[in-house]
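Novice: Next comes the sequence, and after it the predicted model I'd like to discuss.
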Amino acid sequence: MTFYLFDRSFYIASDVLLAYITVILSGAALFYLITKANKWPTIKKYVTTTHHRKIGVLYLLSATLFFIRAGIEALIIRIQLAVPENDWWVFQGDKFNEAFTTHGTIMIFFVAMPLLIGLMNVAVPLQIGARDMAFPYMNAVSFWLFLAGAILVNMSFFMTASPNAGWTAYAPLSVSTYTPEAGNDYYVFGLQVSGIGTILAAINMIVTIVRHRAPGMKLTRMPLFPWSTLITSFLILIAFPVLTIALYILMFDRMFGTQFFTGEAGSPIYWQHLFWIFGHPEVYIIILPAFGIFSDVISTFSKKRVFGYTSMVIALAIIGLLGFMVWVHHMFTVGLGPLVNTFFAITTMLIAVPTGIKIFNWLFTMRKGLIRFTTPMLFSLGFIPTFVVGGVTGVMLSVAAADMQYHDSYFVVAHFHYTMIGGTVLGAFAGIYYWFPKMFGIKLKDTLGKWHFWLFVIGFHITFFPMHLAGLNGMPRRVYTYLPKDDVFIYNFVSTIGAFLMGLGTLAFIWNIYQSFKKPDYTGNDPWDGRTLEWSVPSPAPEHPFQPMPLVKTIDPLWEAKRNRGGKLPEAESARSAPIDVTSWQPIGLAGMMMVFSLAFIYHQTWLQIIAGIGVLSFFVIRNLTDEHVRVTREEENE
Amino acid sequence: MRKIYMILSSVLLILSGCNLRVLDPKSQTAKDQSFLVQFSFALMMIVFATVIVLFVWFVWKYRQTEENKHKIPEDEKGNRLFEITWTVLPIILLAVLAVPTIKITYEISASSSATPPNAVHIDVTAQQFSWTFEYQNGVVQTSELVLPKDRPVVFHLNSDDVIHSFWVPKLGGKKDVIPGKERRLILTPDEVGTYQGKCAEFCGKDHALMRFETIVKTQEDYKQWLQKMKQKIE
């Protein structure tokens, strides 16, 4: 759309224009509603908080917003692909490529990751009897850096420069020779900034779990969600720095004329290795926490402890370890030779063994139990068959010679949506319904939750099952159109219908949140007849949840207490001193400065790079001068 | 009437699956791959069926009802024997799958490195967003690939710009086409016909349009065609 202003013509694509109008109008409406309801103090509380539960809520809230954005992109993709040779709106060529690139990038980094890290923040400290995360200030920094990165990637669309080289950003397409626009710079800096936040979050989780468990809570008594969090955090700590390096090198190739991925000495294969050495563990980073959630939920709603606890933990660890040894299965068609290909085919197949152990342990947790079909349990039950489909296609994909047919076809698209939606997204929904009372003191409505579940899961299968067949019929992924003679119309058409059902399911979820706050069902400490420590503290979880500190003597301590001690947990005599909560504007300030710093690089403004760089560094100085430990010690001395 | 027929046939297409290009192979390579697809699918269906049967059985049998809702299930830590069973059986199943996987992966790779004596050589150049095929006698074709039946064809794959991927689903594949280093792929079509070819690696704006037709002719027809094209350029 071209319009005239001050005798000059400006061009703006109609989709961007519509997005501007939508965002400005809803922003204004939101501003009005917040002011009217007098909620600014609450918002200030959340912005400056370092409390784990509130930060968890912030993660979940932003993940939901990005889920809606990337979900709309999914619908756009599905509309354009609904019929052959479609010419819908502007979504052909680059516009379509941008849509699937940001859909993938946002769904992985700014939906799956924060959904899980958010739930970890809410639940893990409470499950292990910690009074907060080990480093509350750093926890806030993690969140705001994540959000800064996410906003960078999201704003690229409004600056009419979306990333367009796929979420995998394969070189040399992603170097400046082929994509000179700012789009992929947004990708590089957005992921880099949020990546720092993720690494800090992982360090925080590890220290919290290692150092801040309640007395008696040995690692062998820890619930499985904290266990999966611990293992995931180690995976993040190893895998994310590889992404950092890859993005760094890509930045140099794009901005400073180096040739790591092109030219005589460089090779585009280096990018693929680096990306997948990060990228495959990343897949397990976003599935293992979901496994943890399912373990806790299935155990609670079967009224039984989880079957084969030790083998569950070992399976998690083995999956994590094997996750680093399979990255070449994304590269079977590169031509690395039969030895490499078969080696990675075998390691990939091996992952099926610990995953299978987990599936059977979940099934046998339910056996002889008493299954209650609450909403979180429904999501967990929906997960099992769905994920098994993703698992068996995973084994099929590991067969290197056959993968040469599947690779980069819709078969792969179907496979990874079965694992990531079937695993991560259903897991996150189960977790949100399960711990919602701990976050806000109210339950989400059960009836609307069931609508959400059935619409979403049925829609999911209708969307993604036909994609297997489209792939086997020769439909490559990442195409914006196809021909009638390709014989993939019917699969695509059915997919599109399913996608809209999933959209309806998501609307039911959002409506559910609204309704639940409007007519709240207040719940007590223990709405689900829970087994683990978080259900022994008030809902919503207060700033100092464990007073007195419980003494943990068994696995599932609350359940044991309810059976044998009239619900009263034994008390510990002493406990580790709690981390110090503060309120501070510094984390959001630091993240804001990082964003300015990144924008200065994206638009090549040297003066702004210098100023913002100094700004970022000065936050380190400020932090050193305002350390709350000094203040608290001084206050204690004065008493 | 025609519309109803079209819808019916599409529904049948969904249900049957036997018309799917990958499962309708026209070369030995594609046949091997198709076999692996079906073999691994069959093995995996054993796993899938087992899980589904247990799932439905347990969920139905142990659901909470009005009568049992105050009961507390017996505590159960695990069962060593069961756990060993579902560790060992999958390993055996995967070993069965690993054998043909290794064998065929090696065969396909070996056939791509050796050069058969009676092979036809074709230089394939990929560029944004089209394919160029150059034959040994100097004939150059864009977006149309003509192959002889029953003779091994050595594709020399090169890219002028970004990474592409050479894929003819019915003949097997695929092989990435990477700038800076030639890659080879050998296929032997064994049936006359016209097959779709596509770029499978996302390569930029019009990746979706980067397609080619593969026409397999009898050796006689192929020779004639090649000569005719040669005369054209002379």
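Specialist: Great, that's in hand.

Novice: separation between the residue sitting furthest away from the middle of chain B and residue A:303?
Specialist: Largest separation from the mean C-alpha position in chain B: residue B:70, at 54.5 Å (CA atoms, centre = their mean). In this view, residue B:70 and residue A:303 are 11 Å apart by CB to CB, to the nearest Å. Bear in mind the C-beta positions are built from the backbone N, C-alpha and C, glycine included.

Novice: do residue A:615 as well
Specialist: Applying CB to CB, the value for residue A:615 to residue A:303 is 55 Å.

Novice: domains in chain A, as residue ranges please.
Specialist: A:1-38, A:39-638 (automatic domain parsing).

Novice: most packed of those domains?
Specialist: Ranked by mean neighbour count, the domains of chain A are led by domain A:39-638 with a mean of 21 (mean count of other CB atoms under 10 Å in any protein chain shown).

Novice: what's the offset of that one from the middle of its chain?
Specialist: Averaging C-alpha positions (CA atoms, centre = their mean, to the nearest Å) puts domain A:39-638 2 Å from its chain's average.

Novice: Could you list the low-confidence segments of the chain?
Specialist: In the absence of a named chain, this looks at chain A. A:1-3, A:10, A:639 (pLDDT under 70).

Novice: let's do chain B instead
Specialist: Residues of chain B meeting the criterion pLDDT under 70: B:1-18, B:112.

Novice: which residue ranges form the helices in it?
Specialist: Counting by DSSP state H, chain B has helices at residues B:2-16, B:28-61, B:80-113, B:219-233.

Novice: repeat for the stretch 201-350 of chain A
Specialist: Residue ranges of the helices in the stretch 201-350 of chain A, as given by DSSP state H, counting those that start in this stretch, are A:224-255, A:268-302, A:309-322, A:338-366.

Novice: Among these, which comes closest to chain B?
Specialist: Nearest to chain B among the helices of the stretch 201-350 of chain A is helix A:338-366 (3.7 Å), distances taken as CB to the nearest CB.

Novice: got the angle for that closest one vs helix B:28-61?
Specialist: Computed by axes from the mean of the first three to the mean of the last three CA atoms, to 10 degrees, the angle separating helix A:338-366 from helix B:28-61 equals 10 degrees.

Novice: Can you list the helices and strands that helix A:338-366 packs against?
Specialist: Contact here means 3 or more CB pairs under 8 Å, 6 or more residues apart in numbering or on different chains; DSSP states H and E; on that basis helix A:338-366 packs against helix A:268-302, helix A:309-322, helix A:375-398, helix A:400-406, helix B:28-61, helix B:80-113.

Novice: near chain B, which residues of the stretch 151-300 of chain A show up?
Specialist: Taking CB under 8 Å from any CB of the partner chain, the part of the stretch 151-300 of chain A that reaches chain B is made up of A:165-166, A:170, A:172-173, A:178-179, A:262-263, A:267-269.

Novice: Which two among the residues you listed are spaced furthest apart?
Specialist: Spatially, the most separated pair among those is A:166 and A:263, at 21.8 Å (CB to CB).

Novice: one step back: residue B:21: which of the domains of chain A is closest?
Specialist: For those, proximity to residue B:21 was assessed by CB to CB; domain A:39-638 is nearest, at 4.3 Å.

Novice: got the end-to-end distance for that closest one?
Specialist: 36 Å (CA to CA, to the nearest Å).

Novice: how near is residue A:533 to residue A:540?
Specialist: 15 Å.

Novice: One more: residue A:43?
Specialist: Going from residue A:43 to residue A:540 by CB to CB gives 17 Å.

Novice: what residues are up against residue B:142?
Specialist: Taking CB atoms under 8 Å, 6 or more residues apart in numbering or on different chains, we find residue B:142 in contact with B:130-133.

Novice: picking up where we left off before, I'd like the domains of chain A written out as a markdown table, with distance to residue B:168 added.
Specialist: Formatted as a markdown table, the domains of chain A follow (distance: least, CB to CB, whole Å):
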| stretch | distance to residue B:168 |
| --- | --- |
| domain A:1-38 | 35 |
| domain A:39-638 | 9 |
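
Novice: Of these, which is nearest residue B:205?
Specialist: Closest to residue B:205 of the domains of chain A is domain A:39-638 (CB to CB; 4.8 Å).

Novice: Output the helices and strands packed on helix A:338-366 in TSV, with distance to residue A:332 appended to each entry.
Specialist: Shown next, in TSV, are the helices and strands packed on helix A:338-366 (distance: least, CB to CB, whole Å):
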stretch	distance to residue A:332
helix A:268-302	11
helix A:309-322	17
helix A:375-398	9
helix A:400-406	5
helix B:28-61	12
helix B:80-113	9
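
Novice: Identify whichever of those helices lies nearest to residue A:362.
Specialist: Going by CB to CB, the one of the helices and strands packed on helix A:338-366 nearest residue A:362 is helix A:268-302, 5.4 Å.

Novice: Counting by contacts, list what the closest one packs against.
Specialist: So helix A:268-302, by 3+ CB pairs under 8 Å, 6+ apart, packs with helix A:113-128, helix A:224-255, helix A:309-322, helix A:338-366, helix A:375-398, helix A:410-419, helix A:426-440.

Novice: Hmm, residue A:500 and residue A:455 touching each other?
Specialist: No. Between residue A:455 and residue A:500 there is no contact under CB atoms under 8 Å: 9.9 Å.

Novice: now the spatially closest residue to residue A:271 that is not a sequence neighbour: how far from residue A:250?
Specialist: Spatial nearest neighbour of residue A:271, chain neighbours left out: residue A:171 (4.1 Å); criterion: CB to CB, 6 or more residues apart in numbering or on different chains. Using CB to CB, residue A:171 is found at 7 Å from residue A:250.

Novice: Mutual contacts of the two, please.
Specialist: In terms of CB under 8 Å, 6+ apart, residue A:171 and residue A:250 are both contacted by the residues A:261, A:271.

Novice: follow-up on the earlier one: residue A:441: which of the helices and strands packed on helix A:338-366 is closest?
Specialist: Nearest of the helices and strands packed on helix A:338-366 (CB to CB): helix A:375-398, 16.8 Å.

Novice: got a list of what residue A:511 touches?
Specialist: For residue A:511, the contact set (CB under 8 Å, 6+ apart) comprises residue A:448.

Novice: Check the gap between it and chain B for me.
Specialist: Distance from residue A:511 to chain B, counting by CB to the nearest CB, to the nearest Å: 28 Å.

Novice: Near chain B, which residues of the stretch 451-600 of chain A are found?
Specialist: Within reach of chain B by CB under 8 Å from any CB, the stretch 451-600 of chain A has these residues: A:466, A:469, A:471-474, A:476-482, A:486-487, A:489-491, A:494, A:563.

Novice: now with 6 Å?
Specialist: For the stretch 451-600 of chain A, the residues found near chain B under the criterion CB under 6 Å from any CB of the partner chain are A:472-474, A:476, A:478-481, A:490.

Novice: Fine, thanks again, bye for now.
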